[in-house]
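Enquirer: need a 3D model of the following:
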Amino acid sequence: MSASDTALRVLAVDDEEPALAELLYLLGEDPRVGSVVPAAGPTQALRMLGRAVQDGPHGAHAVDVVFLDIDMPGLNGLELARLIGAFADPPLIVFVTAHDDFAVRAFDLQAVDYLLKPLRKERFAEAVRRVAELVRAGRGPRPAALGATGPDPAPALGDHVPVELGGVTRFVPIADITHVEAQGDYARLHTQHGSHLVRVALSTLEEQWRARGFVRIHRSRLVALGRIDELRLDGGNVTVRVGDRVLAVSRRNARELRDLLARHAAGRFR
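Expert: Modelled structure (predicted):
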């Protein structure tokens, strides 16, 4: 769905009236927003989106972007985003939530942004700016359809991980991550330039990033195959060198890692 260069058409979805009112206020204050329609929950949102599809991209009910809460009764925001992704020409998605532990799943759905409540005006304006640029360019990440298969979409925000640092959200490219270490209910993402702590289980990242070449080498560690510079065998111990870091490989993971490295070197890793 496209919009004019100056007026975004927005659907705002939140089941809590004060939160929805704040969202409507912030959207109404932004000059890049042309129209805003509120929805008090996922059922009402789907009904409005169905009307938008019937009207077409130039109709009175067309929607360019959905600002979407996650924690809602019945169908939650993540499930609603997957349904929206089944549309032939779905709107963009910006998640607005009080919970930071859904961020990785949200960006796997190709969300444009992930805003944490309480909303900060400057941060909110940045999300609107991103949406406006994508709509104006006629491109951008779209929500992933339920059960969708096939190659990954073109690199976009869905190929980044949102991390909070001093109240500012940064977007770390997954391609820059060399390895990941579990730290309780959190995971520490390591890059060549530092590390970032995110609230997500290592097992979740293992499942979601396997197709990107990340493999488990230890119960508390994942590594990007393409970042391994050296595999070392020292007696019964196996380690890998990633840059200037030497990481231990558990015995149960050593054989699979050797096989994957051989396939990767031959260009046959999937």
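Enquirer: let me see the mean pLDDT of stretch 44-51.
Expert: The predicted model gives stretch 44-51 an average pLDDT of 88.
Enquirer: can you pull the buried residues of that stretch?
Expert: By neighbour count with 16 or more other CB atoms under 10 Å, stretch 44-51 contains the buried residues Ala45, Leu46, Met48, Leu49. For glycine as for every other residue, the C-beta is placed from the backbone atoms N, C-alpha and C.
Enquirer: farthest pair in those?
Expert: Taking CB to CB as the measure, the buried residues of stretch 44-51 span a maximum distance of 7.4 Å, between Leu46 and Met48.
Enquirer: what touches both of the two?
Expert: Counting by CB atoms under 8 Å, 6 or more residues apart in numbering, Leu46 and Met48 have no shared contacts at all.
Enquirer: how about Pro38, nearest residue that isn't a chain neighbour?
Expert: Nearest residue to Pro38 in three dimensions, chain neighbours excluded: Ala12, at 5.2 Å (CB to CB, 6 or more residues apart in numbering).
Enquirer: what does Thr97 give?
Expert: Excluding its sequence neighbours, the residue lying closest to Thr97 (CB to CB, 6+ apart) is Ile70, at 4.2 Å.
Enquirer: ok, Val240 next?
Expert: Distance criterion CB to CB, 6+ apart; nearest residue to Val240, sequence neighbours excluded, is Ile228 at 4.9 Å.
Enquirer: swap in Lys117?
Expert: What sits nearest to Lys117 in space, not counting adjacent residues and going by CB to CB, 6+ apart, is Ala98, at 4.3 Å.
Enquirer: residue contacts, the one you found?
Expert: Counting by CB under 8 Å, 6+ apart, Ala98 makes contact with Asp71, Leu116, Lys117.
Enquirer: now the buried members of those.
Expert: The neighbour count (16+ other CB under 10 Å) marks Leu116 as buried among these.
Enquirer: was I right about the residue nearest to Thr97 contacting Leu78?
Expert: Yes: the criterion here is CB atoms under 8 Å, and Ile70 meets it with Leu78 at 6.1 Å.
Enquirer: list the residues that contact both of the two?
Expert: Listed as contacting both Ile70 and Leu78 by CB under 8 Å, 6+ apart are Phe102, Ala106.
Enquirer: could you list the domains of the chain?
Expert: Using automatic domain parsing, the domain parsing of the chain gives 8-137, 174-265.
Enquirer: for those, which one ends up most surrounded?
Expert: For these, average neighbour numbers computed from mean count of other CB atoms under 10 Å are highest in domain 8-137, which has a mean of 18.
Enquirer: so where do the helices sit in the protein?
Expert: 17-29, 42-55, 77-84, 103-108, 121-137, 202-209, 251-265 (DSSP state H).
Enquirer: dump the ones you listed to TSV, plus distance to Leu222.
Expert: Compiled in TSV, these are given as follows (distance: least, CB to CB, whole Å):
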stretch	distance to Leu222
helix 17-29	35
helix 42-55	33
helix 77-84	23
helix 103-108	13
helix 121-137	29
helix 202-209	6
helix 251-265	10
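Enquirer: which one, of the ones you listed, ends up nearest to Leu189?
Expert: helix 202-209 (8.7 Å).
Enquirer: what's that closest one packed up against?
Expert: On a contact count with 3 or more CB pairs under 8 Å, 6 or more residues apart in numbering; DSSP states H and E, helix 202-209 meets helix 103-108, strand 177-183, strand 214-218, strand 221-224.
Enquirer: surely Asp159 meets Val172?
Expert: No: under the criterion of CB under 8 Å, Asp159 makes no contact with Val172, lying 10.1 Å away.
Enquirer: what pLDDT is listed against Gly158?
Expert: pLDDT at Gly158 comes out at 47.
Enquirer: next one: Val215
Expert: At Val215, the pLDDT value in this model is 92.
Enquirer: hang on, it packs against Asp259?
Expert: No: Val215 is not in contact with Asp259 according to CB under 8 Å; the separation is 10.2 Å.
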